[in-house]
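Colleague: Give me coordinates for this.
(chains A and B)
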Amino acid sequence: MNQQRTAWLFLAPALLVLGLFFVLPVIAALLLSLTDYDLYALADLRNLRFVALGNYWALLQRPLFWSALGNTCYFVALGVPLSMATSLGAALLLNSPLARCKPFFRTALFAPVVTTVVAVAVIWRYLFNTKYGLVNYALGGLGLHPVDWLGDPHWAMPTIILFAVWKNFGYNMIIFLAGLQAIAPELYEAARIDGASAWRQFRHITLPMLRPTLLMVGILTVAGYFQLFAEPYVMTEGGPLQSTESVLYLMYDEGFKWWNLGSASAVAFLLFALMFAFTALMLRTARRAEHADGVSS
Amino acid sequence: MNPKSAKAIVNGLLAGGAAVALLPLLWMLSVSFMAPGEASSLPPPLFPAYATWGNYRELFVHAGMGRYLLNSLGIASAITLLSLACNLGAGYAFAKLRFAGRERLFQALVGALLIPAQVAMLPLFLLLKTMGLVNSYAGAIVPGMATIFGVYLVRQYARSVPDELLEAARIDGAGELRIFATIVLPLLKPIMVTLAIFSFLAAWNDFMWPLIVLTGQEHYTLPIALASLSREHVQDSELMMAGSVVTVLPVLLLFLALQRHYLQGLLLGSVKG
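Modeller: Have a look, this model is predicted:
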């Protein structure tokens, strides 16, 4: 009895905060997305009208929504595999018995993760400056033409993807490194005795053993990359030609620039639905693949 | 491939990767000491001709950087302390105290992790507006006081507290609050450090919510101030690099000092299911 009461006493602050400032707003967002809440309603609630799915319907007919969705999917589709491959590569190198000064390299590779997105995005903006940036200068040294990285609609998103990979790969690297260290060395020893090459060891031992980690990291990374916002806000302001305007950027503009809070909530929920569907799909595919292989360990 | 060249390749790749990871940060530091306009020349200089504190002086004297720095420090510290207060107790309760509906409630929380925080932001803004907290420090602090991730992190760690220890104390007649204060808290010290550094870094680096809720310049945190400065001073790369140094250096140093705890928390929060 006493234990039960203590438990609720300990839970109360956290649950109160989460309930009031997270759960309640999420439910409110759903309701808000069914109304035409805008500047007029903000001034006087009597102007609020229920529009059912009107916001969603209107969004699906707006080219800007589709281009924002396309840009975000582009960012996820290219950024996540690139980011995960870099993380895995770095983890494999760090885990190699041949590597020296491991603590230093681990810290150095991880450092970008703890930096502030806005601050390092500002740095990258200057590094990728068309005229005075070091990147173009280095390319010029190789005899390549300068690229208008952030000013060309074809290059702006790839530049942001490169930035995101640089900023984030260290996080997953640490998780992969722990996963690699958990693989029993006897497995590799046996493979070596059988004469398996490094590539085959990677393909038939490392990858299968790492599968649960890969799945979890994949899901978390996809969820994170769908939430693209600060990078385009600082580096390109969504431009050029809206080529880097993400879904969240659209939500921010809709909500806090034009004060169309109803429509902005609909944007948020469409993003959430998309992320949810994607996560479910990944889990399902992974489960099916596992069944097909008959892997149980 | 002979072992010697394999070793050279592995270490060469690591050195190259470390260089790519660190060079932008070192370049930032170097440019921040250049005279105005110096970085915008060809070939782009790597080091200042004469190192100067001028950009920092400009930032702190004219651009109000001191104020933003204090705002950031205050908000991040408050969030850290409050999140310790809220998350520690909840995490411990989920790990060690028996109460009706424990598993179901915990599963609901973990399920809610799937919901991106931005979904809540629009109504949260309206809620804080009616509470009069928009454009106040409290508005930036309040939603960060408890996080599902924090509760989860503490719970994962607190599960390793041996039940026998708690039972023995109960048999000795100690009350639950005393058990928590004298037995559990000392055992949770490592996770307190981890949670503190996670909360501080997340609060310091947070961008979207402060951008929304802190509408007046006097309340800006460093990232918001930097983003707004960088829109005004597009050409002043030296000044902006100094601003980036001021923003990044505190968290980078904090991470270097408490690295072990941070990485431990990262693994605890993600690997063990």
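Colleague: Can you give me every residue that contacts the closest residue to residue B:54 other than its chain neighbours?
Modeller: For residue B:54, the nearest residue in space outside its immediate sequence neighbours is residue B:35; the separation is 6.8 Å by CB to CB, 6 or more residues apart in numbering or on different chains. (C-beta placed from N, C-alpha, C; glycine too.) For residue B:35, the contacting residues are B:48-50, B:52, B:54, B:238, by CB atoms under 8 Å, 6 or more residues apart in numbering or on different chains.
Colleague: so residue B:35 sits in a helix?
Modeller: No. Checked against DSSP: H, G, I helix; E, B strand; the rest coil, residue B:35 lies outside a helix; its state is coil.
Colleague: Take the contacts of residue B:35 and keep only those in helices.
Modeller: Residues from the contacts of residue B:35 lying in helices, with DSSP state H as the criterion: B:54, B:238.
Colleague: before we move on, the earlier item: do you know the pLDDT at the residue nearest to residue B:54?
Modeller: You'll see residue B:35 listed with a pLDDT of 90.
Colleague: again, but for residue B:111
Modeller: Among the per-residue scores, residue B:111 shows a pLDDT of 89.
Colleague: Next, give phi and psi for it.
Modeller: With angles defined as degrees, to the nearest 10, residue B:111 shows backbone torsions of phi -60, psi -40.
Colleague: what about it, how many neighbours?
Modeller: Neighbour count for residue B:111, taken as other CB atoms under 10 Å in any protein chain shown: 10.
Colleague: Just confirm residue A:166 contacts residue B:21, I think it does.
Modeller: Yes. Counting by CB atoms under 8 Å, residue A:166 does reach residue B:21; the two are 7.1 Å apart.
Colleague: Name the residue in those two with the higher neighbour count.
Modeller: More crowded of residue A:166 and residue B:21, by other CB under 10 Å: residue B:21, with 22 against 17.
Colleague: and that one, what does it touch?
Modeller: If a contact means CB under 8 Å, 6+ apart, then residue B:21 has A:108-109, A:111-112, A:166, A:170 as its contacts.
Colleague: Going by secondary structure, the residue minimising distance to the centre of chain A is in what exactly?
Modeller: The residue at the geometric middle of chain A, judged as the C-alpha nearest the mean C-alpha position with CA atoms, centre = their mean, is residue A:225 (1.7 Å). Element membership for residue A:225, per DSSP states H and E: helix A:207-226.
Colleague: Report the buried residues of that helix.
Modeller: Going by neighbour count (16 or more other CB atoms under 10 Å in any protein chain shown), the buried part of helix A:207-226 is A:208-211, A:213-226.
Colleague: Give me the three-state assignment for residue A:251.
Modeller: The three-state label given to residue A:251 by three-state DSSP is helix.
Colleague: hang on, it packs against residue A:270?
Modeller: No. Counting by CB under 8 Å, residue A:251 stays clear of residue A:270, with 9.3 Å between them.
Colleague: Tell me the one of the contacts of residue B:21 nearest chain B?
Modeller: For chain B, the closest of these turns out to be residue A:108, at 3.9 Å, with distances computed as CB to the nearest CB.
Colleague: What are the contacting residues of whatever helix or strand that closest one lives in?
Modeller: For residue A:108, the enclosing helix or strand under DSSP H and E is helix A:102-114. Here helix A:102-114 makes contact (CB under 8 Å, 6+ apart) with A:90, A:93-94, A:99, A:120, A:166-171, A:173-174, A:177, B:14-15, B:17-18, B:21-22, B:24-25, B:201, B:205, B:251-252, B:255-256, B:259, B:262-263.
Colleague: Could you list the buried residues of that helix?
Modeller: Taking 16+ other CB under 10 Å as the basis for neighbour counts, the residues of helix A:102-114 that come out buried are A:105-114.
Colleague: And stretch A:254-267, by the same measure?
Modeller: Those buried within stretch A:254-267 under the rule 16+ other CB under 10 Å are A:254-256, A:259-267.
Colleague: Can you lay out these as a markdown table showing pLDDT, distance to chain B and secondary structure?
Modeller: Formatted as a markdown table, the entries for those read as follows, by pLDDT from 0 to 100; distance: CB to the nearest CB, whole Å; DSSP: H, G, I helix; E, B strand; the rest coil:
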| residue | pLDDT | distance to chain B | secondary structure |
| --- | --- | --- | --- |
| A:254 | 93 | 9 | helix |
| A:255 | 94 | 5 | helix |
| A:256 | 93 | 6 | helix |
| A:259 | 93 | 10 | coil |
| A:260 | 93 | 10 | coil |
| A:261 | 93 | 5 | helix |
| A:262 | 94 | 9 | helix |
| A:263 | 95 | 10 | helix |
| A:264 | 96 | 6 | helix |
| A:265 | 96 | 5 | helix |
| A:266 | 96 | 10 | helix |
| A:267 | 96 | 9 | helix |
